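S.K.: I'd like to go over a predicted model; first the sequence, then the structure.
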Amino acid sequence: MGILDLANPTRFLRLVQIVLPWLAGLCVIVFAAGLYMSFFTAPEDYQQGATVRIMFIHVPAAWLSMMCYSIMAISSLGTLVWKHPLADVSAKAAAPIGATFTFIALVTGSLWGKPMWGTYWVWDARLTSVLVLFIMYLGLMALWRTMEDPIKAGKAAAILTLVGAVNLPVIKFSVNWWNTLHQPASVVRMDGPTIHPTILIPLLVMAAAFTLLFFVLHLMAMRNEILRRRLRAMRLKAAAQARPASAALSPQAAE
């Protein structure tokens with residue numbers, strides 16, 4: 001089954017029905033392992049103490065916040081360029097999930113920043129750009145809700161999503177471009193990670209768990225959106241068929 005086959009919503013729903021239970025089960029297993037490693041086997045940091053454990057939630061959530069938007073940007077290209085029928089569904093389904101991950105990243109970052117920096121919030125480049133990302137998610141969700149026609153809403157949201165994608169490299173490289181309180185990259189580096197394996201391995205397991213959770217939620221949301229649009233199409237068709245019948249029974253038609 002190729003990408004073109006998945007363009008058929010019926011085939012996509014059939015694939016989701018098969019894959020989703022296995023993916024959800026794997027997500028639970030990896031999450032259980034990641035949480036156990038994060039809170040029972042990973043040591044405390046010699047400077048940060050137990051507060052370093054916030055990292056196991058904060059960092060994967062921050063990664064997923066950007067990954068979700070990247071998927072939305074790719075889906076937006078699919079909507080505008082390749083006219084893929086499920087691209088708009090993918091983007092719309094990812095928006096609330098990405099907003100949730102971004103919110104978790106902001107909250108856990110603030111909780112982590114208080115003991116480390118002495119304040120919950122500073123208007124530095126990394127934190128401000130992530131806040132802008134959260135606002136972009138909310139704006140896109142509002143745009144989809146304010147436009148009744150899903151096709152028109154999808155095209156408008158796709159354009160706005162691609163415009164907002166310029167914020168992703170700002171988030172990624174802000175710690176290198178400007179002098180910020182936020183620490184620079186310590187996992188994905190040219191010279192290798194700077195985190196000790198006893199902390200790095202649980203962090204990567206939690207990142208995998210968060211990624212699996214995203215795909216589980218994304219597939220579920222896409223399935224619900226497809227069914228919602230089918231129901232809307234059925235209602236519109238029923239309303240269109242009811243108009244001629246009501247017009248034929250009206251007194252004016254009888255005359």
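M.R.: Nice, thanks for sending it over.
S.K.: Tell me which residues of the host helix or strand of residue 126 come out buried.
M.R.: Per DSSP states H and E: residue 126 is located in helix 125-146. Of all the residues in helix 125-146, those buried under the rule 16 or more other C-beta atoms under 10 Å are 125-130, 133-134, 136-137, 140-141, 143-144. Any C-beta I mention is one placed from the backbone N, CA and C, and that applies to glycine too.
S.K.: ditto for stretch 9-18
M.R.: Quick answer for stretch 9-18 (16+ other C-beta under 10 Å): 9, 12, 16.
S.K.: angle of the helix or strand containing residue 200 against helix 125-146?
M.R.: Assigned by DSSP H and E, residue 200 falls within helix 197-249. When axes from the mean of the first three to the mean of the last three C-alpha atoms, to 10 degrees is applied, the directions of helix 197-249 and helix 125-146 differ by 20 degrees.
S.K.: same for helix 197-249, what does it pack against?
M.R.: helix 9-36, helix 55-80, helix 87-117 (3 or more C-beta pairs under 8 Å, 6 or more residues apart in numbering; DSSP states H and E).
S.K.: Could I get those helices in CSV, plus columns for distance to residue 159?
M.R.: Formatted as CSV, the helices and strands packed on helix 197-249 follow (distance: least, C-beta to C-beta, whole Å):
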stretch, distance to residue 159
helix 9-36, 24
helix 55-80, 7
helix 87-117, 11
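S.K.: Including distance to residue 240 and mean pLDDT, could those go into TSV?
M.R.: Converted to TSV, those look like this (distance: least, C-beta to C-beta, whole Å; pLDDT from 0 to 100):
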stretch	distance to residue 240	mean pLDDT
helix 9-36	21	94
helix 55-80	26	94
helix 87-117	23	92
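S.K.: Sweet, I'm off.
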